[in-house]
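**Q** return atomic coordinates for the entry below.
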Amino acid sequence: MPTKKHTKRRHHFRIPIGDWSGDGHEKCEYFDASAAKPIGDVREAWFAAKEKLPELAPDTFCDEYEEGSLPEAVGANLRAAGCPLPESDGWGPDAMAAVVVWFLNQGDHDLDVRLEASPSVPSLAFYGCDEQGRESSFIGYGLFS
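**A** Residues are numbered from 1 along each chain as shown. This next block holds a predicted model:
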């Protein structure tokens, strides 16, 4: 009798790059992703990574309107930390989404976040405050001009 192959369940979510709330320039691209843990753990990994690597947090660069390029020093620091970055001319929402995936995995190495197409799913960003009083911020707001 054939054995049943067990696959671990992946939890799908969306990563918004740009103005996900629609209260600014209203431009946003969404990237489908999955993780080995549910969205609550993904969000916890975000905040853990922000504590661990505050200078590399994706919501701290390209965060002003028309700030559409990766600051050279940030790029150098990301590369030094092991973040895979595209060539200098390849910066945009796709590259920012890849940085977010890398960053989330720094917050929880067991999270195993990956970019991959999926059905309708929850977003990394959220309105208001979570249970600990933390707010979700914009990632890549300045990439859209």
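**Q** do you know how far the residue nearest to L53 when sequence neighbours are not counted is from A117?
**A** Spatially, and ignoring its direct neighbours in sequence, L53 is nearest to Q106 (6.0 Å; C-beta to C-beta, 6 or more residues apart in numbering). C-beta coordinates here come from the backbone N, C-alpha and C atoms, glycine included. Distance of Q106 to A117, computed by C-beta to C-beta, to the nearest Å: 24 Å.
**Q** check H12 too.
**A** Taken as C-beta to C-beta, the span from H12 to A117 is 9 Å.
**Q** same deal with K27?
**A** Counting by C-beta to C-beta - K27 and A117 are separated by 21 Å.
**Q** neighbour count for those two, which is higher?
**A** Each of K27 and A117 has its neighbours counted (other C-beta atoms under 10 Å); K27 has more, 16 against 9.
**Q** with adjacent residues omitted, what lies nearest to S69?
**A** Nearest non-adjacent residue to S69 (C-beta to C-beta, 6+ apart): W91, at 5.9 Å.
**Q** for the helix or strand where the residue nearest to L53 lies, what is the distance to the chain centroid?
**A** Secondary structure assignment for Q106, by DSSP states H and E: helix 93-107. In terms of C-alpha atoms, centre = their mean, to the nearest Å, the centre of helix 93-107 is set 5 Å apart from its chain centre.
**Q** after that helix comes which helix or strand?
**A** Following helix 93-107 in sequence, per DSSP H and E, is strand 114-115.
**Q** contacts for that following strand?
**A** With C-beta atoms under 8 Å, 6 or more residues apart in numbering as the test, strand 114-115 has contacts from I15, F31, D32, A33, S34, A35, A97, A98, V101.
**Q** all helices of this structure, in order?
**A** 39-52, 72-80, 93-107 (DSSP state H).
**Q** relative to Y65, which of those helices is closest?
**A** In terms of C-beta to C-beta, the element of the helices of the chain nearest to Y65 is helix 93-107, at 14.9 Å.
**Q** output the contacting helices and strands for that closest one.
**A** strand 11-18, strand 28-35, helix 39-52, strand 114-115 (3 or more C-beta pairs under 8 Å, 6 or more residues apart in numbering; DSSP states H and E).
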